[in-house]
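>>> Return atomic coordinates for the entry below.
(2 chains)
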Amino acid sequence: MTDNDDHVGKPAAVGRRQFLKVAGITTGGVLAAPAILKFTSIASAADRTNVTFASAKFFGKRTVAEMVDVFNQSQSRILVRYDELPPPSSSTEVHQGLVQRLAKKDGSPDVFTQDVVWIAEFAGAGWALPLDEYVTADEAGAYFPGVLAACKWQGKLTALPWYVDSGMLYYRKDLVSSAPETWEQLVAAATDLVKAGKVKTGFSWQAKQAEVLICDLVEFVTSNGGSILGDDGKTVHIADDAAIEAVQFMYDTIEKYKISPPDVRSWDEEPSRTPFTGGDVAFLRNWSYVYSICQDKTASSVVDKVGVVPLPHFAKGKSAACLGGYQYGVNASTKNRDASVEFLKWLSSPETQLLFATELGLAPSRPAVFDSAELGKAQPFMQTLKPVFVGATARPVTPKYSQVSLALQSAVSKAVTNGNVAEALKEAKTKIESIVGA
Amino acid sequence: MTTLPSAGLAAGSRRSTRLGRRSRAERWAPLLFLLPAVFTLATVSVYPVLDGMRLSLRNTMLSTQEDEFVGLSNYIRLTGDPQFWSAWQHTMLFTAASTLLETALGLAMALVLYETFKGRGWVRAAMLVPWAIPTVVTSKMFGWLFDGQHGVINWLLLQSGLIDNYINWYGDSRTALLTIIIADVWKTTPFMALLLLAGLQTVPHSLVEASRIDGAGPWQSFWSIRLPLLFTPLLIAGMFRALDAFRIFDLVYVLTGGGPADSTEVLSTLSYKVLFSGLDFGYGSALSAAMFITEALIALCFGLFIVRRMRRDNG
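Numbers count the residues shown, from 1 in each chain, chains lettered A, B, ... in the order given. Sure, this is the predicted structure:
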């Protein structure tokens, strides 16, 4: 606590008096200390700036609420109240919760966390405060470039990175000597392993008509040098040759090479993860959460047999990892701008990111934090993910991402289910052009 | 003869007098008692419908802050949207299939339960279990039953020789909607059975006994006596179920999310996505209005049929 006080500067006069009083009482009665401290905290609440923080719920050794308490106890000028939203797996409900609050424009919540695909939407609606004047170029340069780029809208920084996640390739290192670097190599290795009877399924991924299908799509298409939407947010590339080839490959994994079962068409993250940790699958595309399950002796048949690498790419492309993770934003209507920004920067500081990494397993969005000794000790696996996150690729950046995503989900699901790839993608292009052209 | 008309006139006269004496308060009392219910219905049902209609005439979009009157643009867009018509067809197909199956199976169950046998009380209680289970739980259960890799259904079908390989029920656009219909039939048939069992209680037993005396067998007494007399409650139960089935959401949302390839997308899930994911309140409200209109037409058709049937019964 003393160190924290030094970091944030000297406490206010009122704070100092309260501290001296507590110190005096503490020396006299240890049992009375907790009650006195609590009383002190409550008594001083009226003197502190109140900031509300709305965030999705996360699970780990500690909770987000406890993290907020760390901030509240580290200084005495600002008191943050935590407004809990559902976990990220209930993405639509979190989105609704935030929209309902932000659309009122009454300043609440002051600070919020948002899925990376909502940044453009909230900024486009004028709900997120531009942060350029509060974040220097040096500070901005300390984050992964892909993550920081995703936090910008029309050249303005409207979000600050929290944690990063992305798609990656899990493979059985006990079955293959080295992980495949190209999709062609993956097909060959998967085919061989299935023929040899080592595994039941070669490659597991997520073709369910849902948001995760777009995450997979971004990876396949980008790894072939293609894209979905241009940087201007209006040029539609989903029907270009590179994208068509990539989606054709998605279909071919099921129908031509037969390395993926037709069941992937109804699988999202968990149903596709289950057979991999059950030992039936050679290669799995999924997020970072899978690794801890792989190493859980009570839930996995592949303990110590799994490696993680960046996803493969096509011959003329490079590996791509769909960017996930939640980022911070400040309400444009906040009535406590300075306090909100201070809290925001604390949340995104190296020390706090390290804390989130070790206590909640959320990978930092600052490369430097990955190199710290504490992280290596507490989360050795997380450190190995740094190369994956360097290639993080955002999903289409547009305020109407939700509508674009729904259109893509429908079209790509048709493509990978019925095989009419070019036709489905051309339909998607027409629909997306009508969505983003407005 | 002379006396009767006089008595009638006297009675009429007395009735008029009584009506004349009725106070203003007495006349208004029924309306006052109805006010709370009317007010509740107005705020909970009528206002949202009207507000939805209003929104469907605007281009309200939360994410871009658009909010202007656009007349019938949303409806014009609706009629040209293949995704809407695809969802509409799936919804109609689901409604027709599940209602017909539930009515037929429910009737069969009701007929069995109507007869006396040992343990009937227990069976009647047990059959309500599917209806009591929350639909989301039913969805998860059927997700496991019909799983393409480890499902019990696939295992049973394989063991009995009906299939050669496991079927990918939820990942195949030809079978996904079928599994949802099966899940709904399993869940809601007991409800229909209960309604129809109540209807069977109203059929006079003496008619069945009379037909037996005249030599009619069970099949004939069913077709000639029970079914005709049961037809009106059958239609009413069918109408309730059809209107409810049309609103199907949770089974689809949990099991398939509308996929694969939009093959299980229904109007409820499509409206939900457009409204709450896309934040397109204008077009989303037009979708909801289209659902409302279709439901109103279904209710109207059923209603007319029921009224005609009742008139014929009374005649």
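>>> So which residues on the stretch 151-300 of chain A come close to chain B?
By CB under 8 Å from any CB of the partner chain, the residues of the stretch 151-300 of chain A that approach chain B are A:Ala207, A:Lys208, A:Gln209, A:Ala210, A:Pro261, A:Pro262, A:Asp263, A:Val264, A:Arg265, A:Ser266, A:Trp267, A:Pro275. Placement of C-beta: from N, CA and C, glycine included.
>>> Let's test this: what are the backbone torsions at the residue in the stretch 151-300 of chain A that chain B sits nearest to?
Here the stretch 151-300 of chain A gets closest to chain B at one residue, A:Gln209, 2.5 Å apart by CB to the nearest CB. Torsion angles at A:Gln209 (phi, psi; degrees, to the nearest 10) stand at phi -70, psi 90.
>>> A:Ile78 too?
phi -130, psi 140.
>>> Based on its surroundings, how many neighbours for the residue of the stretch 151-300 of chain A closest to chain B?
Neighbour count of A:Gln209, defined by other CB atoms under 10 Å in any protein chain shown: 31.
>>> Also A:Ser402?
Residues within reach of A:Ser402, counting by other CB under 10 Å, total 24.
>>> pLDDT value on the residue of the stretch 151-300 of chain A closest to chain B, please?
A:Gln209 carries a pLDDT score of 94 in this model.
>>> Surely it and B:Thr256 touch.
Yes - if you go by CB atoms under 8 Å, A:Gln209 and B:Thr256 touch, sitting 7.5 Å apart.
>>> Contact residues of chain B facing chain A?
B:62-65, B:83, B:148-149, B:168-173, B:176, B:256-263, B:265, B:273-274, B:276-280.
>>> Any quick ChimeraX command for the buried ones out of those?
If you want just the buried ones from the residues of chain B next to chain A in ChimeraX, going by 16 or more other CB atoms under 10 Å in any protein chain shown, the selection is:
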select /B:62,63,64,83,148,149,168,169,170,171,172,173,176,256,257,258,259,260,261,262,263,265,273,274,276,277,278,279,280
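>>> Quick one: the strands in chain A, in order.
Ranges of strands within chain A are A:49-56, A:78-85, A:111-115, A:152-153, A:156-157, A:160-161, A:165-166, A:168-172, A:201-204, A:281-286, A:306-309, A:321-324, A:326-330, A:392-393, based on DSSP state E.
>>> Provide the contact partners of the last one at residue level.
What it means is strand A:392-393. Strand A:392-393 has contacts (CB atoms under 8 Å, 6 or more residues apart in numbering or on different chains) with A:144, A:146-147, A:150, A:164, A:166, A:218-219, A:222, A:320-323.
>>> how about the residues of the stretch 151-300 of chain A next to chain B, which pair is most distant?
Using CB to CB, those span at most 20.1 Å, a distance reached by A:Gln209 and A:Pro275.
>>> remind me which residues of the stretch 301-438 of chain A are low pLDDT?
For the stretch 301-438 of chain A, applying pLDDT under 70 flags the ranges A:438.
>>> nope, chain B is what I meant
B:1-22.
>>> how about a cut-off of 50?
Scanning chain B for pLDDT under 50 picks out B:1-14.
>>> residue of it with the smallest distance to chain A?
Relative to chain A, the nearest point of chain B is B:Gly259 (2.5 Å; CB to the nearest CB).
>>> I'd assumed that residue was in a helix, is it?
No - judged by DSSP: H, G, I helix; E, B strand; the rest coil, B:Gly259 forms no part of a helix; its state is coil.
>>> Find the nearest non-adjacent residue to it, please.
Spatial nearest neighbour of B:Gly259, excluding adjacent residues (CB to CB, 6 or more residues apart in numbering or on different chains): A:Gln209 at 2.5 Å.
>>> again with A:Asp304
Nearest one to A:Asp304, counting by CB to CB, 6+ apart, is A:Gln295 at 7.3 Å.
>>> likewise A:Gly437?
Leaving aside its sequence neighbours, A:Gly437 sits nearest to A:Lys234 (CB to CB, 6+ apart; 6.6 Å).
>>> Test my guess that the one you found contacts A:Ile432.
No - if you go by CB under 8 Å, A:Lys234 and A:Ile432 don't touch, sitting 9.7 Å apart.
>>> ok, those two, which is more surrounded?
With neighbours defined as other CB under 10 Å, A:Lys234 and A:Ile432 compare such that A:Ile432 has more, 26 against 13.
>>> any idea of the pLDDT on the residue nearest to the more buried one when sequence neighbours are not counted?
Take A:Ile432 and drop its neighbours on the chain: the residue closest to it by CB to CB, 6+ apart is A:Val236, 5.0 Å away. According to the predicted model, the pLDDT of A:Val236 comes to 95.
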